[in-house]
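Asks: This is a predicted model, with the sequence first.
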Amino acid sequence: MAGFHVLNRTTGDRFTCQDGQSVLKAMEQLGLKCVPVGCRGGGCGYCKIRVLEGEFECGKMSKVHVPPEAVEKGEVLACRIYPLTDLTIECVPLPEAALAKQTTTKSLR
Amino acid sequence: MKKGVMRPGHVQIRVLDMDEAVKHYTDLLGMIETDRDDQGRVYLKAWTEVDKFSLVLREADEPGCDFMAFKVVNEEALNQLERDLVEYGVEVEQVPAEELKDCGRRVRFQVPSGHTFELFADKQYTGKWGLSSVNPEAWPRGLQGMKAVRFDHCLFYGPELAAVYDIFVNVLGFHLAEQVLDPEGTRIAQFLTVSMKEHDIAFIHHEEKGKFHHASFFLETWEDVLRAADLISMTDTSIDIGPTRHGLTHGKTIYFFDPSGNRNEVFCGGDYFYPDHKPVTWQAEQLGKAIFYHDRVLNERFLTVLT
Ligand code: FES
Ligand SMILES: [Fe+2]
């Protein structure tokens, strides 16, 4: 079984995800960086993506980052989804709250 | 300890899946499960700790930290601290004895960074795990995984560090051991202690309130930190960074995540503190080195990945 093909439409990256493997883990194992890697536990919301096509199963995810309405729109955490078919995904830009005003320390590096 | 606040007492952490979390904190960190309550919370301690628990896990649909508590020397000190908080304008909430099993009444309050803290004076004394208090052996057999020695400190991210500083230093009697100052002289990180440790709690400035960066557990040696790293690989646990050394506090450390995405640290060493020590200052321009002394650059995750 060759696994499922995942296409990140935002970056053009393609990778294969084995049965039972999360999308984020499959990406990391291939050395790709097309989705940001945070806690890998569904807690931090850093790896949020939108699934445009395909079926998947979800593990437990923090409700602050993925409220039920979001799951319906395919907005999920890459570390907690397990493909059941080939998937097309896209990056979800972090809300500007999380990026721009992250910490005042950020601009000082 | 000049106002009677003695040490970190416990931290309550929210987890997405209790079974996975318990396995992580027992099998991997080597903590010991000591009880469960009818809310489904699980109580754990590290083996050298004399009280019944220092870590409480609560299953919830969002991970993070509910509160961190400090133990104070006695009931009189607790009463006085409560009055001092109220007088300072901090709203306090009474948590009755036994709300956490075998723990006395707690005085709960929120600080302007959005984090909740508690003070308490009493908790069941169970003694060090697996050792007699008379002619004790060096260590108990049967410890798992990293064999965490004690719950040591937490790092929180949130705004209004100056207001938080005032409460911890002026009301609760903490000392500022280390700080990071930006070029304008604004404190963007503060490491506070009530003991001889370089920190019992730390805060880093962040716009969003109430975020949890990590709970940290003490190990004895650098060899133990390397062994912890081996165990993190053996169990395919999500790693953040390390083993490495911090500039701040000079502790030797490794960061990883629990199965719900809460960050953990195990560390050894680090500087010590006496009340006549002046604060150590790191300049924000050197923040990379301050946080990760060897890499001298921050990994993005350290600043942004929180629960
Ligand atoms: S990496 Fe933290 S939620 Fe996926
Ligand atoms: Fe720490």
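Replies: Looks like it arrived, so ask away. Ligands and ions are numbered 1, 2, ... in the order given.
Asks: From now on I want contacts and neighbour counts done on CA atoms only, so please keep to that.
Replies: OK.
Asks: which stretches of the chain aren't confidently modelled?
Replies: This is for chain A. Within chain A, the ranges that satisfy pLDDT under 70 run A:1, A:94-109.
Asks: Sorry, I should have been clearer: chain B.
Replies: In chain B (pLDDT under 70), no residue qualifies.
Asks: Can you pull the residues of it lying near ligand 1?
Replies: Residues of chain B lying near ligand 1 by C-alpha under 6 Å from any ligand atom: B:Gly261.
Asks: And the residue of chain B closest to ligand 1?
Replies: B:Gly261 (5.9 Å; C-alpha to the nearest ligand atom).
Asks: Can you tell me the SS state at that residue?
Replies: Secondary structure, DSSP: H, G, I helix; E, B strand; the rest coil: B:Gly261 is coil.
Asks: From B:Lys3, how far off is it?
Replies: Distance, B:Gly261 to B:Lys3, using C-alpha to C-alpha, to the nearest Å: 35 Å.
Asks: Settle it for me: which of these two has more neighbours?
Replies: Higher neighbour count among B:Gly261 and B:Lys3: B:Gly261, with 27 against 19, using other C-alpha atoms under 10 Å in any protein chain shown.
Asks: so that one makes contact with B:His24?
Replies: No - if you go by C-alpha atoms under 8 Å, B:Gly261 and B:His24 don't touch, sitting 11.6 Å apart.
Asks: Ligand 1 contacts on chain A?
Replies: Residues of chain A lying close to ligand 1 by C-alpha under 6 Å from any ligand atom are A:37-47, A:77-79.
Asks: Show me which parts of the helix of greatest length in chain A are buried, residue by residue.
Replies: What stands out as the longest helix in chain A, according to DSSP state H, is helix A:23-29. By 16 or more other C-alpha atoms under 10 Å in any protein chain shown, the buried positions in helix A:23-29 come out as A:23-28.
Asks: and which of those is nearest A:Leu87?
Replies: Lowest distance from A:Leu87 to those (C-alpha to C-alpha) belongs to A:Val23, with 9.4 Å.
Asks: what about the closest one, distance to A:Arg14?
Replies: Relative to A:Arg14, A:Val23 is positioned 11 Å away (criterion: C-alpha to C-alpha).
Asks: what residues are shared contacts of those two?
Replies: A:Val6 (C-alpha atoms under 8 Å, 6 or more residues apart in numbering or on different chains).
Asks: Nearest residue to the middle of chain A?
Replies: A centroid search over chain A (C-alpha atoms, centre = their mean) returns A:Ala78, at 2.6 Å, as the residue closest to the centre.
Asks: Now for it: which residues touch it?
Replies: A:22-24, A:35, A:47-49.
Asks: Same check on B:Lys123?
Replies: The contact partners of B:Lys123, by C-alpha under 8 Å, 6+ apart, come to B:51-52, B:102-104.
Asks: Considering the residues you listed, which possesses the most neighbours?
Replies: B:Lys52 (24 neighbours).
Asks: I'd say B:His175 and B:Val169 touch.
Replies: Yes - if you go by C-alpha under 8 Å, B:His175 and B:Val169 touch, sitting 5.8 Å apart.
Asks: anything in the one helix or strand A:Ala70 maps to sitting right up against chain B?
Replies: Per DSSP states H and E: A:Ala70 is located in helix A:68-72. No - using C-alpha under 8 Å from any C-alpha of the partner chain, we find that helix A:68-72 stays clear of chain B, coming within 11.4 Å at best.
Asks: Any buried residues in that helix, and which?
Replies: By neighbour count with 16+ other C-alpha under 10 Å, helix A:68-72 contains no buried residues.
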